[in-house]
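Participant: Okay, predicted coordinates and the sequence, questions at the end:
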Amino acid sequence: MRKKDWAFYLFAALFIFAGQFLAHRDLVTGTPPPITQTTLNGEAALKNLGMRPGLIYFWAEWCGVCRSMQNSVTQVGKDHPLATVAIRSGDDAKLESYLREKNLSWPVVNDNGGDIGQRYGVKAVPALFFTDRSGDIVFATAGYTSEWGIRAVVAGKLDLACIKSREAQEKLPSADSSRSSSSLSPRFNSTSRRSKEMLSISICAQRNPA
């Protein structure tokens, strides 16, 4: 490999690593920062968390990676407590229109100014905060995560770092080939995939027995 090529790949690797580090380093754990703002339906934002393991999901209407995770989050939300926060996605009317268009029935807090995201340390979306039976955040991550990866972490069977490592090794398709999460600025063969995801879950479960 030519020296210029080696230097380019090294720079690219460092750039990606730095981006992931910045996206993850400030994500909060422990007691969730309070969200006093109600959902679009007028309900308390975190009312369902704490009864059993659940998920706080930060997303944005303009985020392509978030769109690729919509079905996964919906399915997980059918079985586990779910709270979602839409960051910088417009006013309530615009957000409600988007939810109707995509047929999404999530409980959504509109964080159009990004203040809630800042309190949670969110630098990029999607961001996921996993809560335990006490309602405390036990793990947080940013970027694409498959449905099976989310389910496994919510269930407390294994750690997400192993899932993401396996997905990278198996080169599972990403929603955005250039990055795994979207910066908080709008500027800035399914069977085969499921089999690979299940393999990742199986391997990680063996490494992290319940």
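Facilitator: Nice, I can see it.

Participant: Strands along the chain, start to end?
Facilitator: Assigned by DSSP state E, the chain shows strands spanning 54-59, 82-87, 108-111, 124-125, 127-131, 137-142, 182-183.

Participant: Which strands border the first one, and is each parallel or antiparallel?
Facilitator: When you say that, I think you mean strand 54-59. Here strand 54-59 has these sheet partners by DSSP bridges: strand 82-87 (parallel), strand 127-131 (antiparallel).

Participant: Residues in contact with that strand: which ones?
Facilitator: The contact list for strand 54-59, computed with C-beta atoms under 8 Å, 6 or more residues apart in numbering, reads 32, 46, 48-49, 66, 69, 73, 76-77, 80-87, 106, 111, 117, 120, 122, 125-131, 137, 150, 154. Just so you know, the C-beta spots here come from the backbone N, C-alpha and C atoms, and that holds for glycine as well.

Participant: one more time with 6 Å, if that's ok
Facilitator: Residues from elsewhere that reach strand 54-59 (C-beta atoms under 6 Å, 6 or more residues apart in numbering): 66, 73, 80-85, 87, 117, 122, 125-129, 131.

Participant: tell me the angle of it relative to strand 137-142?
Facilitator: Angle, strand 54-59 to strand 137-142, by axes from the mean of the first three to the mean of the last three C-alpha atoms, to 10 degrees: 30 degrees.

Participant: looking only at pLDDT, what's the mean for strand 54-59?
Facilitator: Mean pLDDT, strand 54-59: 96.
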